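[1] This is a predicted model, with the sequence first.
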Amino acid sequence: MKKIILLLLILLSMNSCKEKTTTQTEPTTDNSTWWKEGVLYQIYPQSFKDTNGDGFGDFGGVIEQLDYIESLGVTMVWMNPFFESPLVDNGYDVSDYRAIHPRYGTMEDFQEMLDGLKSRGIKFVLDVVVNHSSNQHEWFKQACSSRDNKYYNYYHWWPAEKGKPPYRHSLFDPEGAWDYNQATNSYYLHTFAEAQPDLNWENPKLRQEVYDIMKFWAEKGVDGFRMDAFQFASKDITFPEWPEGHEKDFIKWYGMRPQLHDYLKEMYKEVIEPYNVFAVAEGSGSTLKDAHDLVDEDRKELQTAYHFEYVDMSRTPVGYKLADFKEVFTRWDKSFAEKGWIAIFLSNHDNARLVNRFGNASPEFRAVSTQMLNTFLLSMRGTPYTYYGDELGMTNIDMPTIEEYVDIEAIGRFKKAQAANADMDEFMEVLNYSSRENARTPMQWNDSVNSGFTIGKPWKKVNENYKEINVEQQDKDPKSVLNHFRSMVKFRNNNKVLVYGDYQLLQAEHPEIYAFTRILDDKKMLVLLNFTNHNSSITLSQLNNINETLINNYETLNIDNDEITLKPYQAVIVSIK
Ligand code: GLC
Ligand code: CA
């Protein structure tokens with residue numbers, strides 16, 4: 001016999017996702033630090049806001065939108081590179097680490113932007129791209145002139161008299177990671193594109209240059225550093241012949257050489273400690289131990305890292321299984337429960353949009369599913385990283401033909417697939433779904449031409465759904481994705497249990513609902529997330545002990561004793577006894 005359904009109509013006053021702050025004082029926790037307790041917002045500067053009509057976002061645009069950024073409740077901003085660069089990889093190829101690319105503005109504009117953020121209590125995290133430089137950097141230009149040049153050893157070389165170097169996988173170049181230079185009769189190494197030669201971290205002079213660059217920016221007031229591609233910085237400089245197929249697991253083979261830890265300890269002493277800044281590594285090696293070795297406090301290396309395990313699970317339109325997703329997050333949380341700290345993210349400039357990969361981008365469900373994913377992101381242990389536009393539910397764009405692509409990674413993948421005689425229709429389908437360009441479209445500010453991003457011609461086409469998805473419209477709507485995001489950030493900022501509390505997964509095998517508790521002293525919260533586009537139920541003893549509904553992206557909660565039925569992509573947080 002069917003149970004009698006008790007429909008608890010919980011009208012959360014005006015706003016369905018209104019947050020409630022608890023009245024009790026928060027438990028205090030040792031070693032609390034801003035980079036653990038805050039919420040980070042990532043800005044891809046060329047796509048955020050253009051103020052001079054050249055079609056590229058600029059510092060002026062960030063300055064203009066400081067109040068908007070503050071309104072999100074975020075406490076840190078990480079901005080992708082804006083340094084002098086030939087822009088082969090959109091700025092991840094730096095030709096002068098102390099100069100700003102003119103399309104973003106001047107050093108004065110940078111300072112104004114930084115001061116504007118800081119006066120609003122928002123810390124600034126700089127992207128440090130020092131696994132490689134641009135081939136247009138003065139160091140590399142000089143290094144290429146002769147083996148006697150003092151910059152020659154700032155890079156990695158294979159002298160041609162030893163023959164051809166053993167094959168080494170490149171992440172962007174289908175022909176491999178070595179390229180020949182005539183003047184020095186040697187091959188230089190590039191883990192990424194040909195125009196991104198790897199810097200030689202084994203050379204103490206190069207390391208000192210890097211620390212000096214970091215100090216330069218720390219003195220300007222930067223609070224933290226995001227270390228780009230850092231796991232590759234140190235190398236086995238014998239460059240041995242690797243076993244066949246090693247490139248499928250290239251991090252294991254090329255990343256995390258033992259001496260990297262000596263360099264990080266050195267960096268900590270030189271920069272991190274004296275300037276009281278923090279550093280987050282992009283990537284965390286290939287094991288949990290690797291990650292701990294980078295970030296555990298007593299090692300005095302980096303403070304935190306982000307890993308790619310769950311991002312890697314949805315690289316094709318086939319999608320992912322919720323049980324696997326839960327397993328990854330739970331394993332990482334468990335490993336970091338006592339020691340170390342990690343970042344939590346679901347999207348960034350190197351991945352397709354969050355709602356397309358983990359939610360449901362159809363017009364019917366994109367708002368609720370983004371709200372659900374943002375609830376997840378902001379209720380896990382670890383520092384949440386939100387990528388610009390995900391606070392609105394911005395989606396992928398449709399780019400079915402290769403001619404539309406400008407990203408070096410996409411073009412490299414295309415050439416590689418072609419060379420391997422792959423089914424190119426199938427390849428394009430995957431590329432269209434997964435390419436990084438999906439996440440680089442202009443910010444959708446309003447429904448005016450070019451979504452209010454620029455009065456000129458945008459460097460990249462605006463997603464055609466900007467009339468339905470934009471800041472102006474969502475700002476007015478208390479139930480919007482944007483206002484849900486704001487509520488969730490505020491809720492996290494006010495509830496340390498979501499930052500530090502123990503995490504316990506409930507019903508790991510439930511294929512549709514992700515349920516977990518967060519507990520810190522007497523504060524207990526239960527988080528319930530329906531990852532599907534239909535109603536789904538779960539039975540949990542904790543449901544008998546509900547105190548109060550704190551977050552809900554629907555108007556109602558359907559609870560019958562110890563069973564709850566969640567609506568499509570419903571996201572709920574309740575406090576429990
Ligand atoms: C990192 C960046 C990516 C860049 C690459 C090379 O993975 O996030 O955007 O292309 O490094 O610098
Ligand atoms: Ca501009």
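    All right, it came through fine. Ligands and ions are numbered 1, 2, ... in the order given.
[2] Give the buried residues for the longest helix seen in the chain.
    Ranked by residue count, the top helix of the chain under DSSP state H comes out as helix 204-220. The neighbour-count check on helix 204-220 (16 or more other Cβ atoms under 10 Å) flags L206, R207, E209, V210, Y211, I213, M214, W217, A218 as buried. All C-beta atoms are positioned from the backbone trio N, CA, C, and that covers glycine.
[3] For that helix, name the packing helices and strands.
    strand 96-100, helix 107-119, strand 123-128, helix 260-267, helix 273-275 (3 or more Cβ pairs under 8 Å, 6 or more residues apart in numbering; DSSP states H and E).
[4] got the residue ranges for the strands in the stretch 301-450 of the chain?
    For the stretch 301-450 of the chain, strands defined by DSSP state E, counting those that start in this stretch occupy the ranges 304-306, 343-345, 383-387.
[5] Give me the contacts around the longest helix of the chain.
    Helix 204-220 is contacted by residues 97-98, 110-111, 114, 126, 128, 130, 153-154, 199-201, 225, 263, 266-267, 270-271, 275, 277 when judged by Cβ atoms under 8 Å, 6 or more residues apart in numbering.
[6] Look at D562 and say how many residues are nearby.
    Residues lying near D562 (other Cβ atoms under 10 Å) number 13.
[7] Kindly provide the distance from the closest residue in space to it that isn't next to it in sequence to F491.
    Leaving aside its sequence neighbours, D562 sits nearest to L543 (Cβ to Cβ, 6 or more residues apart in numbering; 4.7 Å). Counting by Cβ to Cβ, to the nearest Å, the gap between L543 and F491 amounts to 20 Å.
[8] ok, these two, which is more surrounded?
    Higher neighbour count among L543 and F491: F491, with 24 against 20, using other Cβ under 10 Å.
[9] Sticking with that one, tell me its helix or strand.
    Element membership for F491, per DSSP states H and E: helix 481-494.
[10] other SSEs contacting the following helix or strand past that helix?
    Of the helices and strands lying after helix 481-494 in sequence (DSSP H and E), the nearest is helix 496-500. The helices and strands touching helix 496-500, judged by 3+ Cβ pairs under 8 Å, 6+ apart, are helix 34-37, helix 481-494, strand 513-520, strand 523-530.
[11] How far away from the center of its chain is helix 496-500?
    The chain centre lies 21 Å from the centre of helix 496-500; the measure is Cα atoms, centre = their mean, to the nearest Å.
[12] Next secondary structure element downstream of that helix?
    Using DSSP H and E, the helix or strand that follows helix 496-500 towards the C-terminus is strand 502-506.
[13] My guess is E309 contacts E327. True?
    No. Counting by Cβ atoms under 8 Å, E309 sits too far from E327 to count as a contact (9.7 Å).
[14] Please name the residues that touch whatever residue of the stretch 301-450 of the chain ends up closest to ligand 1.
    Here the stretch 301-450 of the chain gets closest to ligand 1 at one residue, D350, 4.8 Å apart by Cβ to the nearest ligand atom. D350 is in contact with E409, R436, A439, counting by Cβ under 8 Å, 6+ apart.
[15] Check it and give its pLDDT.
    At D350, the model reports a pLDDT of 96.
[16] Tell me the spacing between it and ligand 2.
    23 Å (Cβ to the ion, to the nearest Å).
[17] Next, give phi and psi for that residue.
    When read as degrees, to the nearest 10, the backbone of D350 gives phi -100, psi 10.
[18] May I ask you to confirm that I455 is in contact with G53?
    Yes. Applying Cβ under 8 Å as the test, I455 and G53 come out as touching, 4.8 Å apart.
[19] And the two? Which one has more around it.
    Per other Cβ under 10 Å, whichever of I455 and G53 has more neighbours is I455, with 15 against 10.
[20] give me every residue that touches I538.
    So I538 contacts Q507, H510, I513, A515, L528, E563, I564, L566 (Cβ under 8 Å, 6+ apart).
[21] ok, now which ones touch the closest residue in space to K457 that isn't next to it in sequence?
    In this structure, K457 finds its nearest non-sequential neighbour in G55, 4.9 Å apart by Cβ to Cβ, 6+ apart. Counting by Cβ under 8 Å, 6+ apart, G55 touches T454, G456, K457, P458, W459.
[22] What subset of these is buried?
    Those of these that meet the buried threshold are T454, P458, W459, by 16+ other Cβ under 10 Å.
[23] Can you classify the residue of the chain with the smallest separation from ligand 1 as helix, strand or coil?
    Nearest residue of the chain to ligand 1 (Cβ to the nearest ligand atom) works out as Y92 at 3.3 Å. Under DSSP: H, G, I helix; E, B strand; the rest coil, Y92 falls in the coil class.
[24] Quick check: closest non-adjacent residue to it.
    Closest to Y92 by Cβ to Cβ, 6+ apart is V129, at 5.3 Å.
[25] Distance to Y466, mean pLDDT and mean neighbour count for the helices and strands packed on helix 204-220 - can I get that in TSV?
    Converted to TSV, the helices and strands packed on helix 204-220 look like this (distance: least, Cβ to Cβ, whole Å; pLDDT from 0 to 100; neighbours: other Cβ atoms under 10 Å):
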stretch	distance to Y466	mean pLDDT	mean neighbour count
strand 96-100	29	98	16
helix 107-119	25	98	17
strand 123-128	27	98	22
helix 260-267	42	97	18
helix 273-275	41	96	13
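[26] Let me know which of the ones you listed is the nearest to F192.
    Of all these, strand 123-128 sits nearest to F192, with 14.4 Å by Cβ to Cβ.
[27] Which residues does the helix or strand following that closest one contact?
    Following strand 123-128 in sequence order, the next helix or strand is helix 138-143 (DSSP H and E). Defining contact as Cβ under 8 Å, 6+ apart, one finds that helix 138-143 is touched by 95-96, 133-135, 149-155, 184, 188, 197.
[28] Give me the subset of those residues that also touch ligand 2.
    Among those, no residue sits close to ligand 2 (Cβ under 5 Å from the ion).
[29] Closest one to N463 out of those, please.
    Lowest distance from N463 to the contacts of helix 138-143 (Cβ to Cβ) belongs to S134, with 29.8 Å.
[30] Give the burial count for the closest one, as a bare number.
    Applying other Cβ under 10 Å, we find 27 other residues in the vicinity of S134.
[31] ok, T304 touching A343?
    Yes. When contacts are counted by Cβ under 8 Å, T304 is listed as touching A343 (5.6 Å).
[32] hey, what's in contact with both of the two?
    Shared contacts of T304 and A343 (Cβ under 8 Å, 6+ apart): V280, T383.
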